[in-house]
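Visitor: only geometry, no sequence info:
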């Protein structure tokens, strides 16, 4: 059974905040154990499973989110539609759909796997490290957004040209270009040749 906040809470000491556990993996993406979320991100970082989602509207514009200012990791920077970590034992696809719903208040449409990418990105501000084996997903968003303000500061739909302009002028997450570049073949298949991606 996957570890969830509810099951983690039952095992936490009385009065303590429940620990969120991540799935540690080897270089091939094979599960080798678990670690508490914050400890997995402390330098030098421990390789763990993650996911990144790229959702587009009917016009082929990418949905970006600016991470909430209260987040402990990379607060206030722009990033892809949604990213996060599966609970131990949870399928990455299931985790990605769950987090899109939790963060943005919508269910993704036509979401499909778009490969994996492995990276090591230190966050220069917090000193935390993203050592991730990242599962990529692309899809559509076809309903009004209802972002959770504890997760998302603001959202924007952008064309490829608008993204380039924004990326040159405001802070983005350390991992953003790595996951975007890895997902581009699937993005082009979804949006078509005219999308500019």
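Guide: Looks like it came in fine. Quick caveat, the model's predicted, so the values are computed rather than measured.

Visitor: Just name the shakiest helix or strand of the protein by mean pLDDT.
Guide: For the chain, the helix or strand with the lowest mean confidence is helix 5-11, at a mean of 37 (criterion: mean pLDDT, DSSP states H and E).

Visitor: Quick one: name whatever helix or strand follows it.
Guide: Using DSSP states H and E, the helix or strand that follows helix 5-11 towards the C-terminus is strand 21-25.

Visitor: for that following strand, packing partners?
Guide: Contacts of strand 21-25 with other secondary structure elements, assessed using 3 or more CB pairs under 8 Å, 6 or more residues apart in numbering; DSSP states H and E, are made with strand 31-36, helix 37-41, strand 48-56. Glycine gets a C-beta too; all of them are placed from N, C-alpha and C.

Visitor: Please repeat the previous calculation with a cut-off of 6 Å.
Guide: strand 31-36, strand 48-56 (3 or more CB pairs under 6 Å, 6 or more residues apart in numbering; DSSP states H and E).

Visitor: who touches the closest residue to residue 108 other than its chain neighbours in this structure?
Guide: The shortest distance from residue 108 to any non-neighbouring residue, by CB to CB, 6 or more residues apart in numbering, is to residue 139 (4.3 Å). By CB atoms under 6 Å, 6 or more residues apart in numbering, the residues touching residue 139 are 55, 108-111.

Visitor: of those, buried ones?
Guide: In the contacts of residue 139, burial by neighbour count holds for 55, 108, 111, counting by 16 or more other CB atoms under 10 Å.

Visitor: Phi and psi next, for the residue nearest to residue 147 when sequence neighbours are not counted.
Guide: Closest residue to residue 147 apart from its sequence neighbours, by CB to CB, 6+ apart: residue 104 at 5.4 Å. Main-chain dihedrals, residue 104, degrees, to the nearest 10: phi -120, psi -10.

Visitor: now residue 141
Guide: The phi/psi pair for residue 141 (degrees, to the nearest 10) is phi -120, psi 120.

Visitor: I'd say it and residue 55 touch.
Guide: Yes - taking CB atoms under 6 Å as the contact criterion, residue 141 and residue 55 are neighbours in contact, 4.3 Å apart.

Visitor: For the two, list the residues in contact with both.
Guide: residue 63.

Visitor: Just the buried residues of the lengthiest helix in the chain, please?
Guide: Among all segments of the chain classified by DSSP state H, the helix with the greatest residue count is helix 176-191. Taking 16+ other CB under 10 Å as the neighbour-count basis, helix 176-191 is seen to contain the buried residues 176, 178-180, 182-183, 186-187, 190-191.
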